[in-house]
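Participant: Build me a structure from this.
(chains A and B)
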Number of protein chains: 2
Amino acid sequence: MKVNKNYVNLQESYLFAAIGKKVREYAAANPDKTVIRMGIGDVTRPLAPAVISAMQKAVAEMGVAETFRGYSDDYGYDFLRGTISDYYNKKGAEISAAEVFVSDGAKCDVANILDIFASGSTVLVPNPVYPVYVDTNIMAGNKIIYAPGNEENNFLPMPDENVQADIIYICSPNNPTGAVYSAEQLKKWVDYAIDQNAVILCDSAYEAFVRGDLPTSIFQIEGAKKCAIEFGSLSKTAGFTGTRCAYTIVPAELERDGMNLNKMWSRRQSTKYNWLPYIIQRGAEAAFLPEGFAQGKANIDYYMKNAETISTALSELGIWFSGGKNAPYVWLKCPGGLKSWEFFDILLEKANVVGTPGAGFGSQGEGFFRLSAFASNENTILAMERVKPVIESLR
Amino acid sequence: MKVNKNYVNLQESYLFAAIGKKVREYAAANPDKTVIRMGIGDVTRPLAPAVISAMQKAVAEMGVAETFRGYSDDYGYDFLRGTISDYYNKKGAEISAAEVFVSDGAKCDVANILDIFASGSTVLVPNPVYPVYVDTNIMAGNKIIYAPGNEENNFLPMPDENVQADIIYICSPNNPTGAVYSAEQLKKWVDYAIDQNAVILCDSAYEAFVRGDLPTSIFQIEGAKKCAIEFGSLSKTAGFTGTRCAYTIVPAELERDGMNLNKMWSRRQSTKYNWLPYIIQRGAEAAFLPEGFAQGKANIDYYMKNAETISTALSELGIWFSGGKNAPYVWLKCPGGLKSWEFFDILLEKANVVGTPGAGFGSQGEGFFRLSAFASNENTILAMERVKPVIESLR
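Facilitator: So this is what the prediction gives:
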């Protein structure tokens, strides 16, 4: 009896647990202080009325024999897969419903997609990075190499033709840096992946926050269907962090090592998964249809007001930062050369504001700090009013 | 770039697709005939009113800022984990909430649990067997050996001390045979697993159908906490096939190969999963509370009426069968020495009744046939009235 000893190589999962502990201890010692949380990336606005309405209707259907639904159709109901396919086609990415696989999370799919690749693969991840990309590859026994982000490249690492990779992670707009690749930059990654015979795993969880003329899907890039798998999510787009709906796009023509990856993912999921609740699929459909979509967009606009509040304050302070324009995260350089956990402590104690230390996202995050845009407009304004003098005192 | 070549060893997934194809072709060619479906194991009765009510309330909460829920607490909300722990304690199985991990499917968890074991493990599965156990192990590169079920052992294979195994699958009540292990028999499996330093993966998806004094959890057996992981599900218990809620019990003290398995599963899930929608967790809670539980039990009684109808008819015909007493499946020996697909065709054409050929569940299923108890009471009575003369003509 042997267990998966790759688990021994995992770092103790400490980032948000450590943050939580410090915040609890501070709050307990300072009950008179109002701590404003801009650390964890969880939404706060309620679900769109159109989504609520669709789910109420679906719940009622489940209570009546004639409209009751048992097992979902494989890969998701057509009404949802077709709606997602339309969403892609509208933004110039030709995706058919047969290439859409619904699920309960981009996090789950980004993790489980590794099942279809051989253990021991070389995976290229950005640094700083969403910790799940690293941990899941340690569990899979893969070899992890890093594409470093920094101030110089605006935390948008580009391909190095001397670096060999089998699997390439792209998250754009990026968590934690909020940086977004241009179409030209994504094309370079696509060309590199094709050249390497690699597969890009493109995490588009934040594509709905893009305001300007920047890509919102890798499939808007020529050649991407020959090398990319994309993960979309309603978590941040429609506030579904506690409702759970995502979609993975695997091009029908994507082949590697003599196997069709759409067929492999299809087999993996139909063997190990049973799709989403009917109720949730109806809610998700409503989030994409015009009424729900507009209501969801209003929530995104609300969060982006916070991003603007944070960005403006930092600009006035002359603090370097990325993000805040096309993503709900602002990634700032710690003032006075402070290390990220030092800055965390100071911000918590002197401004009563919680953020996320950049070091928690990898070595390239040291000296940087993430603030999220999911708090209320009022609290974000208040937070930055408190933060300004603290930062001024540190420079 | 290498993919997981274990996928090449998978059999073309044909069982329910092949059945579906034959049924569609028959129905198209015979539009005047009413085909009664007793093949696929999907529920038909609507959700309990108490469950519907709880979900309506939860949906409404998700539409209001003050009651909106984002990410679930890890492993599931306490209100659900505690309710499940109570359910276990009530039946004499001492399980704490910390040993309960909620999920969206026993199918998912039974598949994903293999992540924590080393590839190349030796897994002992029953034959006939729920195909997922086999396919997931092929994907994982494990070595599969079989414990044969047959008429002589009433499709309840027992341990063979000469057989080495790392992982042992038990499904009791069984899909597809409906057979149930006694406490004495389960104790032998527990002793064997401890002796082998193996882990039992106990699939208890049908435990709610047990009527007599038979085990409804492996944790009612002494020693099980030292060797077993159990998978429970609301799919059949509460009609949640399209609503999705399950729970995996990993004893806090379960260790193998120097690692604590509760901690490994905990890490696997918190890294690769984001738990259930709040709405579904509230619905699941209601399914366990007295009102919803009683309503769910009424549905189970309804299905078991069908099991009785099927069993009585077969007994009158002198056909050997297992199941039908403590499970929603009846596993019958094909009359006249027919092979299972031959019997399938005859039943479809002459009785217009759809079942599942035993051969689809493994070599020991050849010559046997599964009928499910999920159709309506009226249709099941009608089906057996049609089936009787057909069977009589074959003997």
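Participant: Buried by neighbour count: which residues of the longest helix seen in chain A qualify?
Facilitator: Longest helix in chain A, counting residues (DSSP state H): helix A:290-317. Residues A:292-293, A:295-296, A:299-300, A:303-304, A:306-307, A:309-311, A:313-314, A:317 are the ones in helix A:290-317 that count as buried (16 or more other Cβ atoms under 10 Å in any protein chain shown). C-betas here are computed from N, CA, C, even on glycine.
Participant: ditto for stretch A:7-23
Facilitator: Neighbour-count burial for stretch A:7-23 [16+ other Cβ under 10 Å]: A:7, A:15, A:19, A:22-23.
Participant: which residues of the stretch 251-395 of chain A fall in helices?
Facilitator: A:261-272, A:278-288, A:290-317, A:340-346, A:377-394 (DSSP state H, counting those that start in this stretch).
Participant: nearest to chain B, of the ones you listed?
Facilitator: Across these, chain B has its closest neighbour in helix A:261-272 (3.6 Å, Cβ to the nearest Cβ).
Participant: Dump that closest one to CSV, restricted to CA.
Facilitator: C-alpha atoms of helix A:261-272 as CSV (Å, rounded to 0.1, in the frame of the first residue of the first chain):
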residue,chain,number,x,y,z
LEU,A,261,-7.7,16.2,-26.2
ASN,A,262,-11.3,17.0,-26.5
LYS,A,263,-12.1,13.3,-26.5
MET,A,264,-9.8,12.7,-23.5
TRP,A,265,-11.4,15.5,-21.5
SER,A,266,-14.8,14.3,-22.5
ARG,A,267,-13.9,10.8,-21.3
ARG,A,268,-12.3,12.1,-18.1
GLN,A,269,-15.4,14.1,-17.2
SER,A,270,-18.1,11.6,-18.2
THR,A,271,-16.2,9.0,-16.1
LYS,A,272,-15.4,11.1,-13.0
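Participant: returning to what we had before: the inter-axis angle of the longest helix of chain A versus helix A:278-288?
Facilitator: Per axes from the mean of the first three to the mean of the last three Cα atoms, to 10 degrees, the angle that helix A:290-317 makes with helix A:278-288 is 70 degrees.
Participant: elements contacting helix A:290-317?
Facilitator: Contact here means 3 or more Cβ pairs under 8 Å, 6 or more residues apart in numbering or on different chains; DSSP states H and E; on that basis helix A:290-317 packs against helix A:49-62, helix A:278-288, strand A:321-323, strand A:329-333, helix A:377-394.
Participant: Quick one: residues contacting residue A:346.
Facilitator: Counting by Cβ atoms under 8 Å, 6 or more residues apart in numbering or on different chains, residue A:346 makes contact with A:338, A:390, A:394.
Participant: In chain A, where is pLDDT below threshold?
Facilitator: For chain A, the stretches with pLDDT under 70 are A:14.
Participant: hmm, back to that, do you know which of the helices and strands packed on helix A:290-317 lies nearest residue A:139?
Facilitator: strand A:329-333 (25.8 Å; Cβ to Cβ).
Participant: tell me which strands and helices that closest one is in contact with?
Facilitator: helix A:290-317, strand A:321-323, strand A:368-372.
Participant: Now look at the last one and say if it contacts chain B.
Facilitator: Put plainly, it is strand A:368-372. No: using Cβ under 8 Å from any Cβ of the partner chain, strand A:368-372 stays clear of chain B, coming no nearer than 11.9 Å.
Participant: one step back: the helices and strands packed on helix A:290-317: which one's closest to residue B:183?
Facilitator: Residue B:183 lies closest to helix A:49-62 among the helices and strands packed on helix A:290-317, at 36.3 Å (Cβ to Cβ).
Participant: Would you mark the buried spots in the closest one?
Facilitator: A:50-56, A:58-59, A:61-62.
Participant: name the helices or strands packed onto the next helix or strand after it?
Facilitator: Once helix A:49-62 ends, the next helix or strand along the chain (criterion: DSSP states H and E) is helix A:78-90. With contacts defined as 3+ Cβ pairs under 8 Å, 6+ apart, the packing partners of helix A:78-90 are strand A:100-103, helix A:278-288.
Participant: Strand partners (parallel or antiparallel) of the first one?
Facilitator: So that's strand A:100-103. strand A:246-249 (antiparallel) (DSSP bridges).
Participant: Close to chain B: what parts of the stretch 201-350 of chain A are there?
Facilitator: A:239, A:241-244, A:256-259, A:261, A:264, A:267-268, A:270-274, A:276-280.
Participant: buried subset of those residues?
Facilitator: Buried by 16+ other Cβ under 10 Å: A:239, A:241-244, A:256, A:259, A:261, A:264, A:267-268, A:270-274, A:276-280, out of these.
Participant: Share the number of residues neighbouring residue A:123, please.
Facilitator: 24 (other Cβ atoms under 10 Å in any protein chain shown).
Participant: What residues does the closest residue to it other than its chain neighbours make contact with?
Facilitator: Residue nearest to residue A:123 in three dimensions, not counting chain neighbours: residue A:167, with 4.3 Å by Cβ to Cβ, 6 or more residues apart in numbering or on different chains. Taking Cβ under 8 Å, 6+ apart, we find residue A:167 in contact with A:114, A:117, A:121-124, A:142, A:198-199, A:201, B:1.
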